[in-house]
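Asker: Structure for the following, please:
(2 chains)
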Amino acid sequence: GNSVTQMEGPVTLSEEAFLTINCTYTATGYPSLFWYVQYPGEGLQLLLKATKADDKGSNKGFEATYRKETTSFHLEKGSVQVSDSAVYFCALSNAGGTSYGKLTFGQGTILTVHP
Amino acid sequence: NAGVTQTPKFQVLKTGQSMTLQCAQDMNHNSMYWYRQDPGMGLRLIYYSASEGTTDKGEVPNGYNVSRLNKREFSLRLESAAPSQTSVYFCASMAEGRAEETQYFGPGTRLLVL
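Answerer: Numbers count the residues shown, from 1 in each chain, chains lettered A, B, ... in the order given. Predicted coordinates:
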C-alpha cells in the first residue's frame, strides 16, 4: 500500500535560515505529490504540488521536486520567516480510476522559527 | 465563498454518547472526505464520498458512520463514543476526485471523549 515518511521533528530555526524537510514515499504507479501546511488553530491548506516526475512545485518561496528515482519530495526554503511557523505535511494521491483523490499523509513536521 | 465549514468547533462527550459532526462545502465539489488527526500520525482517512449518493470506507472506519446528505453536505456520526476517538476531525472536499487535484479542508472539530 501507499505510505509517506517525513523527517522527525520538531524543527527549530532562526529567521533567515535554510529549511529542508525530507519526505519519501512508497506507492504504486505514478502518484501526485503534495505539501500541505497547517497554521496554528487552522485546517490544512495546499502549499505546493507536483503531478509527474521531475516537476518542481513552488509557492511562497518554498520548493519541492518530484524525484521518482529516489521516491522523494523534499521541501526547501532558502530563508524562513517567523510567519512560516506551522506544521507541514507531505502527502500523495494515486492516479487511477479507483483512487478518488484519497490522500495518504506523512506524520507531519512541526516547524518553529525564532526571530 | 465560505469554502468548507464544520460544526461544532469543540465537543466534549462521555463514553457511550453519540454525536454527529457536520460538514458543508459551497464550491460545488463532487468528492468529500473525513480525516482524523492524531499526534505523530498525520491525518488518516475515515470515510469518503466520491460523488453524491456514494460513500466508502477509508483507512480507519471502525466506530464511525457517514451520510452524504446532498452534494454540499457530508456528516460523520459516532454512535457510541470511545476515548480512542478523541481526536481532531477534518472534513475536506475536491472538485472531481482526481489524483492531481487540490483538497480543501475545513477548520476542524476538536473532540474529547471522557
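
Asker: For the residue nearest to the spatial centre of chain B, give me the pLDDT.
Answerer: A centroid search over chain B (Cα atoms, centre = their mean) returns B:Trp34, at 2.8 Å, as the residue closest to the centre. Reading off the per-residue confidence, B:Trp34 sits at a pLDDT of 98.

Asker: Contacts only, for it.
Answerer: Going by Cβ atoms under 8 Å, 6 or more residues apart in numbering or on different chains, B:Trp34 touches B:21, B:23, B:45-48, B:58, B:64, B:66, B:74, B:76, B:89-92. The C-beta positions use only the backbone N, C-alpha and C, and glycine is treated the same way.

Asker: Show me where chain B has its helices.
Answerer: According to DSSP state H, chain B carries no segments that qualify as helices.

Asker: Would you mind naming what in it lies close to chain A?
Answerer: With Cβ under 8 Å from any Cβ of the partner chain as the criterion, chain B comes near chain A at residues B:4, B:31, B:33, B:35, B:40-45, B:48, B:50, B:56, B:58, B:90, B:92, B:94, B:96-108.

Asker: let's see it at 6 Å
Answerer: When proximity is defined by Cβ under 6 Å from any Cβ of the partner chain, chain B lies next to chain A at B:31, B:40-43, B:45, B:50, B:90, B:94, B:97-102, B:105-108.

Asker: where in chain A is pLDDT low?
Answerer: A:96-97 (pLDDT under 70).

Asker: please redo it, this time with the cut-off set to 90
Answerer: In the predicted model, chain A carries pLDDT under 90 at residues A:1-2, A:7-9, A:28-30, A:41-42, A:94-102.
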